[in-house]
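# The following comprises the amino acid sequence and a computationally predicted model.
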Amino acid sequence: MECEKPQFDAFAINEAQLILAEKRTSLSVLRTGIAVLAIPLGVISLLIATSKYYDVLHVMHLLVPLTVLNGLLVVLGLYLIIRSFRRLLRYDRMIREIKKTHSCIAEFID
């Protein structure tokens with residue numbers, strides 16, 4: 001396969017490398033979102049496991065803020081996960097466009 005314009009192909013390779021770096025960043029954000037989403041699950045399971053050692057009515061002033069904080073962590077985790085999925089789809093679309101326009105490097109981008 002012969003390429004006519006190597007300078008444009010070098011530009012396309014650099015563009016693909018940049019997009020793939022951004023994709024790796026989005027995957028890191030996805031991993032962080034999953035970890036943030038798992039924190040409330042751990043806290044709730046700890047509270048359930050130790051529930052025989054306390055009375056809920058006596059510690060309600062501690063459970064309400066903890067529940068609010070857990071809710072905020074769930075919202076933050078979901079936000080990070082949804083945002084990273086949208087960006088991953090956008091980066092995949094951009095890479096497909098590069099593959100279409102620069103057929104010489106399409107076999108190297110997977």
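That came in fine, so what should we check first? Model, not experiment: these values are computed from the prediction. Numbers count the residues shown, from 1 in each chain.
# Quick check: phi and psi at residue 60.
Dihedral pair for residue 60: phi -60, psi -30, per degrees, to the nearest 10.
# Can you give me the distance of it to residue 20?
Between residue 60 and residue 20 the distance is 50 Å, computed by CB to CB, to the nearest Å. Using the backbone N, CA and C atoms, a C-beta is placed for each residue, glycine as well.
# out of these two, which sits in the busier spot?
residue 20 (13 against 9; other CB atoms under 10 Å).
# any idea which element the more buried one lies in?
With the criterion set as DSSP states H and E, the secondary-structure element containing residue 20 is helix 6-49.
# Figure out how far that helix is from the centre of its chain.
Taking the mean C-alpha point of helix 6-49 and that of its whole chain, the gap between them comes to 4 Å (CA atoms, centre = their mean, to the nearest Å).
# which helices and strands sit right next to that helix?
Packing partners of helix 6-49 (3 or more CB pairs under 8 Å, 6 or more residues apart in numbering; DSSP states H and E): helix 60-101.
# what is the orientation angle of the helix it packs on with helix 6-49?
Orientation note: helix 60-101 sits at an angle of 160 degrees relative to helix 6-49 (axes from the mean of the first three to the mean of the last three CA atoms, to 10 degrees).
# residue contacts, the residue positioned nearest the centre of the chain?
The geometric centre of the chain, computed from its C-alpha atoms, lies nearest to residue 30 (CA atoms, centre = their mean), at 1.8 Å. For residue 30, the contacting residues are 80, 81, 84, 85, 88, by CB atoms under 8 Å, 6 or more residues apart in numbering.
# Same question for residue 87.
Residue 87 makes contacts with 22, 23, 26, 29, as judged by CB under 8 Å, 6+ apart.
# Throw the residues you listed into CSV and include distance to residue 37 and neighbour count, thanks.
What follows is these, written out as CSV (distance: CB to CB, whole Å; neighbours: other CB atoms under 10 Å):
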residue, distance to residue 37, neighbour count
22, 22, 15
23, 21, 18
26, 16, 20
29, 12, 17
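# nearest to residue 92, of those residues?
The shortest gap between residue 92 and any of the contacts of residue 87 belongs to residue 23, at 7.8 Å (CB to CB).
# can you pull the contacts of the closest residue in space to that closest one that isn't next to it in sequence?
Of all residues beyond its chain neighbours, the one nearest residue 23 is residue 91 (4.4 Å), with distances taken as CB to CB, 6 or more residues apart in numbering. Residues counted as contacts of residue 91 (CB under 8 Å, 6+ apart) are 19, 20, 22, 23, 26.
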